[in-house]
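**Student:** Build me a model:
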Amino acid sequence: MAKFENKEPSLAMYEAILQLNDLDECRKFFEDVCTVAEMRSMEQRYDVAVLLSQGKIYNDILNQTGASSATISRVSRMLSSGTGVLKSYAEKQKPKE
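**Tutor:** So this is what the prediction gives:
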């Protein structure tokens with residue numbers, strides 16, 4: 001990984017994501033790009049973000065998602081000091097009944 005530290009990030013993947021047509025195609029794209037563990041990790045972090053934005057407490061989030069307290073804390077920091085994009089999307093999610 002060291003030889004990539006100073007490399008400019010490629011925008012090609014993000015441009016491809018913007019061209020995906022629907023939810024199914026998006027899911028399949030990420031299945032091709034990511035390992036199952038990476039997919040589950042991203043899905044879990046998003047779920048944690050949604051629950052945090054709904055005011056849920058750590059124990060409830062842990063029970064609902066299986067996320068560690070470190071992951072919940074990391075996502076919480078991203079919601080408060082990240083770019084704001086994750087926060088805006090997480091806040092749009094309706095609570096699951």
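
**Student:** Every contact and neighbour count from this point should use C-alpha atoms.
**Tutor:** OK.

**Student:** What ranges in this protein fall below the confidence cut-off?
**Tutor:** The model of the chain has pLDDT under 70 over residues 1-4, 97.

**Student:** now the helix or strand Phe29 falls within: how far from the chain's centre is it?
**Tutor:** Phe29 is part of helix 23-33, with elements assigned from DSSP states H and E. Helix 23-33 has its average C-alpha position 14 Å from the chain's average C-alpha position, going by Cα atoms, centre = their mean, to the nearest Å.

**Student:** do the same with stretch 86-97
**Tutor:** With Cα atoms, centre = their mean as the basis, the mean position of stretch 86-97 lies at 12 Å from the chain mean.

**Student:** Stretch 75-82 too?
**Tutor:** Its chain's C-alpha centre and that of stretch 75-82 lie 12 Å apart, by Cα atoms, centre = their mean.

**Student:** Can you list the buried residues in it?
**Tutor:** Val75, Ser76, Met78, Leu79 (16 or more other Cα atoms under 10 Å).

**Student:** Looking at the residues you listed, which is nearest Val85?
**Tutor:** Using Cα to Cα, Leu79 comes nearest to Val85 of the buried residues of stretch 75-82, at 8.7 Å.
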